[in-house]
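Q: sequence below, structure please.
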Amino acid sequence: NVLLAAAILSSLYPYWVIINQFTIPAVLEEEADILPLFIVSTILLRKIFVNGKTTQYIESAIVLLLFLDLILDAMASNTLYDALIIGTVSLAAMLIGFMMKYKSYFIAGTGTILFNIYSNTTSMWSEMPWWLYLIIGGVLLIGIASFFEWKKQKDNRTSKEVLEKNKQRIKNWFNRWN
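A: Numbers count the residues shown, from 1 in each chain. Model (predicted):
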């Protein structure tokens with residue numbers, strides 16, 4: 001296992017040497033350097049060093065740190081291209097995480113997309129009048145309360161039972177993931 005891991009890790013060096021021979025646009029340099037680390041860390045932690053929850057936590061930390069690096073790179077240049085690139089990478093990570101049931105990629109991709117949306121629409125949110133926030137919040141709360149009341153009356157249960165059932169269903173769904 002150690003030799004296989006060393007071989008996989010040493011394959012990064014030729015990749016970076018070959019990549020440096022090409023002219024890559026400045027906006028893609030960081031992504032070209034980081035994307036192989038996602039692949040290598042996943043192969044190492046899911047195929048070679050399989051140790052249950054420990055490797056899942058390590059993989060989650062690595063994926064989180066790599067996405068943080070991509071986010072910081074996108075925020076440093078603050079261009080539309082970087083926003084599109086990080087949005088595409090995070091969407092791909094979210095879809096791969098969902099299809100292959102990889103919790104770390106799904107959560108990191110979803111979080112990055114939400115952060116990307118928030119950071120790129122901040123000016124729009126600050127332009128809206130304060131009363132519009134109250135209307136949106138009120139409609140949202142009324143909708144949630146109506147949904148729970150409908151579920152409660154349909155199944156003839158209490159709100160707490162409905163909430164516990166939904167919470168347990170989501171927990172069971174995520175527990176089936178790696």
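
Q: going forward, measure contacts between C-alpha atoms and count neighbours the same way
A: Fine.

Q: send the alpha carbons of the one helix or strand in the chain whose mean pLDDT sits lowest over as CSV?
A: Across the helices and strands of the chain, mean confidence by mean pLDDT, DSSP states H and E is lowest for helix 122-127: a mean of 80. Backbone C-alpha positions of helix 122-127 (Å, rounded to 0.1, in the frame of the first residue of the first chain) are rendered in CSV as follows:
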residue,chain,number,x,y,z
THR,A,122,-24.2,41.1,-2.5
SER,A,123,-24.8,44.3,-4.4
MET,A,124,-28.3,43.2,-5.4
TRP,A,125,-29.2,42.3,-1.8
SER,A,126,-28.0,45.7,-0.5
GLU,A,127,-30.1,47.5,-3.1
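
Q: could you check how far Val40 is from Leu72?
A: The gap separating Val40 from Leu72 is 21 Å, by C-alpha to C-alpha, to the nearest Å.

Q: surely Thr110 and Leu95 touch.
A: No: in this structure, Thr110 is not within contact of Leu95 by C-alpha atoms under 8 Å, at 9.3 Å.

Q: helices of the protein, start to end?
A: Under the criterion DSSP state H, helices of the chain are mapped to 2-10, 12-21, 29-43, 53-77, 80-100, 103-120, 122-127, 130-155, 159-175.

Q: outline the domain layout of this protein.
A: 1-128, 129-177 (the TED database).
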